[in-house]
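Engineer: Sequence and predicted structure are below.
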Amino acid sequence: MAKESFDKEIQFLRMLVLTSGAYNRQQFAKRLGISVNTFDKTLRRLKDIVHATYQQLPEEQGKEFAEAIRYRYDDSADPMLLFLFRAKSLKESESRRLSLVLAALNGRSMTASELLDCCMADLPADLSLPDEKTLRKDLKYLEEVGVIRRENGARPYIYRIRNELIHELTDEELLDLYDFVDVMANTQIPSVQGYLLRDGLKKHLVRSGAEKEAVEPFLYKYHYHSRILDEAHLFAILDAIRGRRKMKFLYFSPKSDKSYASQNTNPLFERESQGKLETTLPLKVVYDHQYGRWYVLGYGREGIRKYRMEGMTQVETGEPAAQAWFEEKQAELMDRIRYSWLIDTGRPVTVRARFFSPGGSEPNFIKERVLLQGQWGEIVEESEDSFIYEITVNGTQEIKPWLRSFGSSCEVLEPVQLRRELIAEWKEIRAYYESV
C-alpha cells in the first residue's frame, strides 16, 4: 500500500470514528476532500485489508468487516488503525517475500544466497522474482527491526530468526508476559508495537493449545482513537529528530474544512489544495494526555511552530541540519516551553488557586490529585479546610480545563482575567439548569 494511500485511510478512519455514522457518503467525501467514487474505493480497500488480516484465523475466529470497523465508535472494541499496522503497508510481493524468508529461517540458519534460492523456488509465478540486492535490503530491514540476526561477522553472513522469547519461556511464563503486554499496550504510549507483540504472543499461545479465556483475561474500552492513528507518523518523526532532518508535509489545521488532499500527479488535473505545504526542522514531540493528541514542535521560516500530528499528511524527510545549529534551536525551544503547561509559548503568568478539601474525607483526594497532576506548582498556604496552589505557566489557556475540572472544589484567585473568564463560564453553565 502506497504511503500516500496510507494517509488517506488514516484520515478516513479518523472521520469514521469522530462522526459516528452522522455523515452520509457525500458529506463524508466532501469533508475528506475526495470524490464519492474514491470514498467507495477506499471502503473496498479497507475491506480487503481486514480480510487479508484475518484470513489466516480459523473460521470461527474470523472477523467480518462490520465487526472490525463500526460506524459507531462505542461499538468498537479494538483501537482503530491496528489492522492497517498488521497489514504492514507493504506491497503484496514484499509481504510474500518476507514471509518466505521468515518461514525458511524458522527451521535453520541460512545465508543470503540460500534464502534467494528459496524465494526463487517458492514465490508464485505471477509475482516478480527478487534479485540479490532486493533480498539483502529485506534482510537488512528484518535485522534492524530485531526479527533476525547475523550469527557470524564475516562473509558470507549467516542469518537466524530471533525467536528465543517464545521458545525459552514456559507456557505459564508466556501467559504472564501476554497479560503484562496486554495491560501496557492498552494503558501506555506509544502502543502500536505493544499491540503487535501482544498479537504475536496470542497466536503462539493459541497454536500451543491455550484456552481462549486464558489469553483474553481483560477487556478494554478504547477512548482515544486519534492517539493510535497518529502513531503512523510518530516513529518517522522521532527518527527525523534523531537524524536532525528537516521534514516537508501537507498540513491541515484543526480549523480547516478538509482533512486530506490526494497527491496531484497529473498536471492537467492539478488543483489548489486547502492544506498548507510546510517545511520544518522537528525538535520535540509532545503528547497531551487530557485529549489524547500528539503535537510536533519544530523550527521553520516563521520561527518555532506547533503542529497537531493528526493534520500532517504526505510526510517526507530531507537533508540533515548542522548539529550545532540543531542544538541551538533545541535549547531555544526548551527555554520557550520552560513554563508551558503543555506546549504554550506565550508570556509567563502566575496562577493562584484555592482548593477546598472534602469534608470528613480521608485521604484528601483533592490534594492528592493536585500533587500528582500539578507539575512544578507548589502549595504555598494550607489550612484544615483548604490550601492555596501556585504555579507560573505560559498563558492560562492550557491550564484552564484542568482547573475547571475540579468544579466547586477550586476557586481561582489570580490572575484577575482568568478568574473573570471562569466566572462567566460558570454563569453560562448555571443558566442551562435554570427552571423552564
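Structural biologist: All right, it came through fine. Numbers count the residues shown, from 1 in each chain.
Engineer: Just list the residues touching residue 399, thanks.
Structural biologist: With contact set as Cβ atoms under 8 Å, 6 or more residues apart in numbering, residue 399 has these partners: 341, 351, 391, 393. The C-beta positions use only the backbone N, C-alpha and C, and glycine is treated the same way.
Engineer: List just the nearest of the residues you listed to residue 378.
Structural biologist: residue 391 (7.3 Å; Cβ to Cβ).
Engineer: who touches the helix or strand containing that closest one?
Structural biologist: In this structure, residue 391 sits in strand 386-394 according to DSSP states H and E. With Cβ under 8 Å, 6+ apart as the contact definition, strand 386-394 has outside contacts at 336-337, 339-341, 344-357, 367, 370, 374-382, 399, 413.
Engineer: beta partners for residue 247?
Structural biologist: Beta-bridge pairing for residue 247 (DSSP bridges): residue 280, residue 317.
Engineer: That one contacts residue 298, doesn't it?
Structural biologist: Yes - the criterion here is Cβ atoms under 8 Å, and residue 247 meets it with residue 298 at 7.3 Å.
Engineer: what's the overlap in contacts for the two?
Structural biologist: Each of 280-282 lies in contact with both residue 247 and residue 298 under the rule Cβ under 8 Å, 6+ apart.
Engineer: Most neighbours among the residues you listed, which one is it?
Structural biologist: residue 282 (24 neighbours; other Cβ atoms under 10 Å).
Engineer: isn't there a helix covering that one?
Structural biologist: No - applying DSSP: H, G, I helix; E, B strand; the rest coil, one finds residue 282 to be strand, outside a helix.
Engineer: any idea how far residue 293 is from it?
Structural biologist: Using Cβ to Cβ, to the nearest Å, residue 282 is found at 16 Å from residue 293.
Engineer: Next: residue 6.
Structural biologist: 20 Å.
Engineer: what sits against residue 410?
Structural biologist: Residue 410 makes contact with 353-356, 403-404, according to Cβ under 8 Å, 6+ apart.
Engineer: at 10 Å what do you get?
Structural biologist: Applying Cβ atoms under 10 Å, 6 or more residues apart in numbering to residue 410 gives the contacts 353-356, 366, 370, 389, 402-404, 422.
Engineer: Check the gap between residue 315 and residue 239 for me.
Structural biologist: The spacing between residue 315 and residue 239, counted by Cβ to Cβ, is 11 Å.
Engineer: what touches both of those two?
Structural biologist: Residues touching both residue 315 and residue 239 by Cβ under 10 Å, 6+ apart: residue 282.
Engineer: So these two - more neighbours on which side?
Structural biologist: Per other Cβ under 10 Å, whichever of residue 315 and residue 239 has more neighbours is residue 315, with 20 against 12.
Engineer: Give me the residues contacting the helix or strand hosting the more buried one.
Structural biologist: Using DSSP H and E, residue 315 falls within strand 312-320. Residues outside strand 312-320 that contact it (Cβ under 10 Å, 6+ apart): 3-4, 6-8, 10-11, 230, 232-233, 236-237, 239-240, 243-252, 259-263, 273, 275, 277-279, 281-282, 294, 296, 309, 326.
Engineer: Go through these and flag which are in strands.
Structural biologist: If you go by DSSP state E, the contacts of strand 312-320 have 245-251, 277-279, 281-282, 294, 296 in strands.
Engineer: Residue 140 versus residue 133, what's the distance?
Structural biologist: Taking Cβ to Cβ, one finds residue 133 at 11 Å from residue 140.
Engineer: Tell me which of the two has more neighbours.
Structural biologist: The neighbour count for residue 133 versus residue 140, taken as other Cβ under 10 Å, is higher for residue 140 (11 against 8).
Engineer: Tell me the pLDDT of the more buried one.
Structural biologist: According to the prediction, residue 140 has pLDDT 86.
Engineer: which outside residues touch whichever helix or strand comes after the strand holding residue 391?
Structural biologist: Remark: after strand 386-394, the chain's next helix or strand is helix 400-404, criterion DSSP H and E. By Cβ under 10 Å, 6+ apart, the residues outside helix 400-404 that reach it are 290-291, 341-342, 351, 353, 355, 369-370, 373-375, 389, 396, 410-412, 418, 421-422, 425-426, 429.
Engineer: try 6 Å
Structural biologist: Residues from elsewhere that reach helix 400-404, judged by Cβ atoms under 6 Å, 6 or more residues apart in numbering: 353, 410.
Engineer: what's the domain layout of this protein?
Structural biologist: For the chain, automatic domain parsing gives the domain ranges 1-152, 166-222, 230-262+272-336, 348-432.
Engineer: Between the two ends of the third one, what distance do you get?
Structural biologist: Right, the one you point to is domain 230-262+272-336. The first residue of domain 230-262+272-336 is 25 Å away from its last residue (Cα to Cα, to the nearest Å).
Engineer: cool, the last one as well?
Structural biologist: Counting by Cα to Cα, the length from the leading to the trailing residue of domain 348-432 is 34 Å.
Engineer: before we move on, the earlier item: mark which of the contacts of strand 386-394 are part of helices, please.
Structural biologist: 336, 367, 370 (DSSP state H).
Engineer: wait, what's in contact with the first one?
Structural biologist: Okay, so that is residue 336. Listed by Cβ under 6 Å, 6+ apart, the contact set of residue 336 reads residue 345.
Engineer: The last one now?
Structural biologist: For residue 370, the contacting residues are 355, 389, taking Cβ under 6 Å, 6+ apart as the criterion.
Engineer: What's the separation between it and residue 231?
Structural biologist: Taken as Cβ to Cβ, the span from residue 370 to residue 231 is 31 Å.
Engineer: and if you look at residue 279?
Structural biologist: Distance, residue 279 to residue 231, using Cβ to Cβ: 23 Å.
Engineer: confidence score at residue 129?
Structural biologist: Residue-level pLDDT assigned to residue 129 equals 74.
Engineer: likewise residue 399?
Structural biologist: We have a pLDDT of 94 for residue 399.
Engineer: about what we covered before: list buried members of the contacts of strand 312-320 by neighbour count.
Structural biologist: With neighbours counted by 16 or more other Cβ atoms under 10 Å, the contacts of strand 312-320 contain buried members at 6-8, 10-11, 230, 232-233, 237, 240, 244-247, 249-252, 259-262, 273, 275, 278, 281-282, 294, 296, 309, 326.
Engineer: Which parts of stretch 98-107 count as buried, going by neighbours?
Structural biologist: For stretch 98-107, by 16+ other Cβ under 10 Å, it's 98, 100-101, 104-105.
Engineer: For that stretch, give me every contacting residue.
Structural biologist: Under Cβ under 6 Å, 6+ apart, the answer for stretch 98-107 is 115, 118-119, 122, 161.
Engineer: any idea which residue sits dead centre in the chain?
Structural biologist: For the chain, the residue sitting closest to the mean C-alpha position, by Cα atoms, centre = their mean, is residue 231 at 2.4 Å.
Engineer: For the residue lying closest to that one once chain neighbours are set aside, the count of nearby residues, please.
Structural biologist: Excluding its sequence neighbours, the residue lying closest to residue 231 (Cβ to Cβ, 6 or more residues apart in numbering) is residue 192, at 4.7 Å. Counted with other Cβ under 10 Å, the neighbours of residue 192 add up to 18.
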